[in-house]
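*Asks:* here's a sequence, model it:
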Amino acid sequence: MSEQPRQNHNRREMLAGALRYAALGLLGAGGTGLLAKRRRLLREGICINNRLCAGCAILQDCALPGALAAKKIPTGADSGGR
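*Replies:* Got it, this is the predicted structure:
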């Protein structure tokens, strides 16, 4: 008859596991908080990219004045410059 090995957990393993899951929970809560803040700022019409419109991922959908000005400025070799 085979006996299943007992899992003896000592306090150190229990504490390490609890801290591991607490850290994971804090990371998840922090990420959720950052995502909620980003969505709130976008909803309120506040720039989330420190007014750096040229490299912004949502430039085409943005209606802020800085983004509208950046869309009007032609870029590239065919912009009439040298």
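
*Asks:* pLDDT weak spots in this protein?
*Replies:* For the chain, applying pLDDT under 70 flags the ranges 1-9, 51, 54, 73-82.

*Asks:* hey, which helix is longest across it?
*Replies:* helix 11-44 (DSSP state H).

*Asks:* quick one: the spatially closest residue to residue 70 that is not a sequence neighbour from residue 20, how far?
*Replies:* In this structure, residue 70 finds its nearest non-sequential neighbour in residue 53, 3.7 Å apart by CB to CB, 6 or more residues apart in numbering. Heads up, the C-betas are built off the backbone N, CA and C, glycines and all. Per CB to CB, to the nearest Å, residue 53 is found 41 Å from residue 20.

*Asks:* could you check which of the two is surrounded by more residues?
*Replies:* residue 53 (19 against 10; other CB atoms under 10 Å).

*Asks:* didn't that one look like it was pressed against residue 66?
*Replies:* Yes: between residue 53 and residue 66 a contact is recorded at 5.5 Å, counting by CB atoms under 8 Å.

*Asks:* give me the element the closest residue to residue 60 other than its chain neighbours is part of.
*Replies:* Counting by CB to CB, 6+ apart, residue 71 is the residue found nearest to residue 60 once chain neighbours are left out, at 7.9 Å. Element membership of residue 71 [criterion: DSSP states H and E] is helix 65-72.

*Asks:* residue 12: neighbour count?
*Replies:* 8.

*Asks:* now for it: which residues touch it?
*Replies:* Residues near residue 12 by CB atoms under 8 Å, 6 or more residues apart in numbering: none.

*Asks:* ok, now how distant is it from residue 52?
*Replies:* 48 Å.

*Asks:* likewise for residue 43?
*Replies:* Counting by CB to CB - residue 43 and residue 52 are separated by 20 Å.

*Asks:* sounds good, over and out.
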